[in-house]
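Colleague: Quick one, structure for this:
(2 chains)
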Amino acid sequence: MRISLTVNGKPVSGEVEPRTLLVEFLRNQLGLTGTHVGCDTSQCGCCVVHVDGESVKSCTMLAVQADGCSVTTIEGLAKDGELHPLQRAFNEHHGLQCGFCTPGMIMSAADLLQRNPDPTEHEVREWLEGNLCRCTGYHNIVKAILAAAQSMRAMAKAAE
Amino acid sequence: MYAFEYFRPTTLAEAAQLLASNPEAKLLAGGQTYIPTLKQRLAKPSAVIDLGRIAELRGIHEEAGGLTIGAMTRHAEVASSPLVKRVIPALAALAEGIGDPQVRNRGTLGGSIANNDPAADYPAAVLGLGATVRTSKGRAIAADDFFTGMFETALEPDEIVTAVHFPKPEKAAYAKFPNPASRYAIVGVFVAKTASGVRVAVTGAAPCVFRATAIEQALEQVWSEASIDGVTIDPTNLNSDIHAQADYRAHLVKVMAKRALRAAG
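Modeller: So this is what the prediction gives:
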């Protein structure tokens, strides 16, 4: 089946079997290997991407279901060579150790911050229900997300 | 995953026709259970009929004082809907507690109840509120008749859930003891005071969602936590697994019923 979609702002198309997962299409056909496959059982959230602006697990969606949609992956977050505030905050606050879960953590957090620009620590922790990290104990991940939220609010205010 | 043919109808009529003419086909709603099932090769459909582009299956409307929710309405939409929060806040709260944000962004009401997972949340709300399940065959199936057994419903093989109508309760709430990993209910209890009496639906505890009639009768007498204390839940037909033994689940039914009662007010 031929599918056409927008990935990180660029139109792409490809030939896929109906059983191809969105994450397989992104990684294997488009070479966007920033989206990881951690558990393959819809639990870990390493594969989170945005489809039409909402975070989803790309290992639990068929590529054909994304036909005509707009997909954003971790590769699409930086703008004009500038890291996204979440990417910067994960760096600054050491929100990762091995880094495997990081793309999913950041894409999930980006969805949270677009819905709720000023989340409490509790809300951040609740939101990360679907993202598993085996190294950090989440502490610095939560810290990074709260810091990113603050800097994004400051940026939004400055732009007013 | 085994290979399958893929159809993406845009109308309910087209979907029903495809399902009728492909007896080995399966419907795909939000896919948060079915895609993992396919990945594990636990199912081998000849074709997958994706309901995701059928606009008439989506949406939340006020009807007869209650709510009618399209089968393909996602959990995140129910959880954040101002209309649901106003008319049946317990339903929005239940949807907010399903799985995780990414599951809620894809998973649907119709998919959840048609699958009838013994530990799913929505069956408790549908049964607890005495909702009505509407289908592509023009049937309106009462919740009491809809959930027939483990992963089994009153749906015919070529029948599609189109919407669920929830009457507005006087008061209602849902409390669950979630599995800490999956967020599925180890035990979840939906308590409602409705025009036709008290309804208490239990999910997670047994092979299929069921009404805890002993608790219902006790709450009919006196709407209080103390009434629940006096009830005995028989563990005989409850589930025992690595997460919880039957007697512990029986205990949790009362604890969750009390928590729900407290939340309902």
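Colleague: mind listing the strands for the stretch 101-250 of chain B?
Modeller: Here the stretch 101-250 of chain B has its strands, by DSSP state E, counting those that start in this stretch, at B:132-135, B:140-142, B:147-149, B:152-153, B:161-166, B:171-178, B:185-194, B:197-203, B:210-211.
Colleague: Save those strands as CSV, and put in mean neighbour count and mean pLDDT too.
Modeller: Bear in mind the C-beta positions are built from the backbone N, C-alpha and C, glycine included. Below are the strands of the stretch 101-250 of chain B laid out as CSV (neighbours: other CB atoms under 10 Å in any protein chain shown; pLDDT from 0 to 100):
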stretch, mean neighbour count, mean pLDDT
strand B:132-135, 22, 98
strand B:140-142, 14, 98
strand B:147-149, 15, 98
strand B:152-153, 16, 98
strand B:161-166, 24, 98
strand B:171-178, 23, 97
strand B:185-194, 27, 97
strand B:197-203, 25, 98
strand B:210-211, 18, 98
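Colleague: Between those, which one is closest to residue A:4.
Modeller: Of all the strands of the stretch 101-250 of chain B, strand B:161-166 sits nearest to residue A:4, with 29.7 Å by CB to CB.
Colleague: Residue B:244: which of the strands of the stretch 101-250 of chain B is closest?
Modeller: Short answer: strand B:185-194, nearest of these by CB to CB, at 5.2 Å.
Colleague: Can you name every helix or strand that the closest one contacts?
Modeller: Applying 3 or more CB pairs under 8 Å, 6 or more residues apart in numbering or on different chains; DSSP states H and E, one finds that strand B:185-194 contacts helix B:89-96, helix B:122-128, strand B:171-178, strand B:197-203, helix B:213-221, helix B:246-264.
Colleague: May I see the strands of the stretch 101-250 of chain B arranged in a markdown table, with distance to residue B:98 as well?
Modeller: Shown next, in a markdown table, are the strands of the stretch 101-250 of chain B (distance: least, CB to CB, whole Å):
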| stretch | distance to residue B:98 |
| --- | --- |
| strand B:132-135 | 18 |
| strand B:140-142 | 22 |
| strand B:147-149 | 17 |
| strand B:152-153 | 18 |
| strand B:161-166 | 15 |
| strand B:171-178 | 10 |
| strand B:185-194 | 10 |
| strand B:197-203 | 11 |
| strand B:210-211 | 20 |
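Colleague: which one of those lies closest to residue B:35?
Modeller: strand B:161-166 (18.4 Å).
Colleague: Strand partners (parallel or antiparallel) of the closest one?
Modeller: Strand pairing for strand B:161-166, determined by DSSP bridges: strand B:66-70 (antiparallel), strand B:132-135 (antiparallel).
Colleague: Can you tell me which of the helices and strands packed on strand B:185-194 is packed in deepest?
Modeller: Ranked by mean neighbour count under mean count of other CB atoms under 10 Å in any protein chain shown, the helices and strands packed on strand B:185-194 are led by helix B:122-128, which reaches a mean of 29.
Colleague: what sits up against that helix?
Modeller: Helix B:122-128 is contacted from outside by B:90-91, B:94-95, B:98, B:109, B:112-113, B:116-117, B:131, B:133, B:143-144, B:146-147, B:164, B:166, B:172, B:174, B:185, B:188-192, B:199-203, B:209-211, using CB atoms under 8 Å, 6 or more residues apart in numbering or on different chains.
Colleague: which one's the longest helix in chain A?
Modeller: The longest helix of chain A (DSSP state H) is helix A:139-159.
Colleague: do it and chain B meet at all?
Modeller: No: counting by CB under 8 Å from any CB of the partner chain, chain B is not contacted by helix A:139-159; separation bottoms out at 13.2 Å.
Colleague: coming back round to it: closest to residue B:20 out of the helices and strands packed on strand B:185-194?
Modeller: helix B:122-128 (25.3 Å).
Colleague: which residues sit in contact with residue B:118?
Modeller: B:150-151, B:203-204, B:206-209, B:239 are the contacts of residue B:118 under CB under 8 Å, 6+ apart.
Colleague: at 7 Å what do you get?
Modeller: Listed by CB atoms under 7 Å, 6 or more residues apart in numbering or on different chains, the contact set of residue B:118 reads B:150, B:204, B:206-208.
Colleague: neighbours of the residue of chain A found nearest chain B, just the number please.
Modeller: In chain A, the residue that lies nearest chain B is residue A:130 (2.8 Å; CB to the nearest CB). Other residues lying near residue A:130 total 22 when counted by other CB atoms under 10 Å in any protein chain shown.
Colleague: Equivalent analysis for residue B:113, please.
Modeller: 27.
Colleague: repeat for residue A:114
Modeller: 13.
Colleague: and chain B, which residues reach chain A?
Modeller: B:1, B:3-6, B:31-32, B:35-36, B:39, B:48, B:50, B:52, B:100-103, B:105-106, B:183 (CB under 7 Å from any CB of the partner chain).
Colleague: domain ranges for chain A?
Modeller: Using automatic domain parsing, the domain parsing of chain A gives A:2-76, A:85-159.
Colleague: Okay, now the first one: how far is its last residue from its first?
Modeller: Its first and final residues considered, domain A:2-76 spans 23 Å by CA to CA, to the nearest Å.
Colleague: State the distance from residue B:207 to residue B:124.
Modeller: Distance, residue B:207 to residue B:124, by CB to CB, to the nearest Å: 14 Å.
Colleague: re earlier: check what pLDDT the residue nearest to the residue of chain A closest to chain B when sequence neighbours are not counted gets.
Modeller: In space, residue A:130 comes closest to residue B:100 once its chain neighbours are excluded; the distance is 2.8 Å by CB to CB, 6 or more residues apart in numbering or on different chains. pLDDT recorded at residue B:100 is 96.
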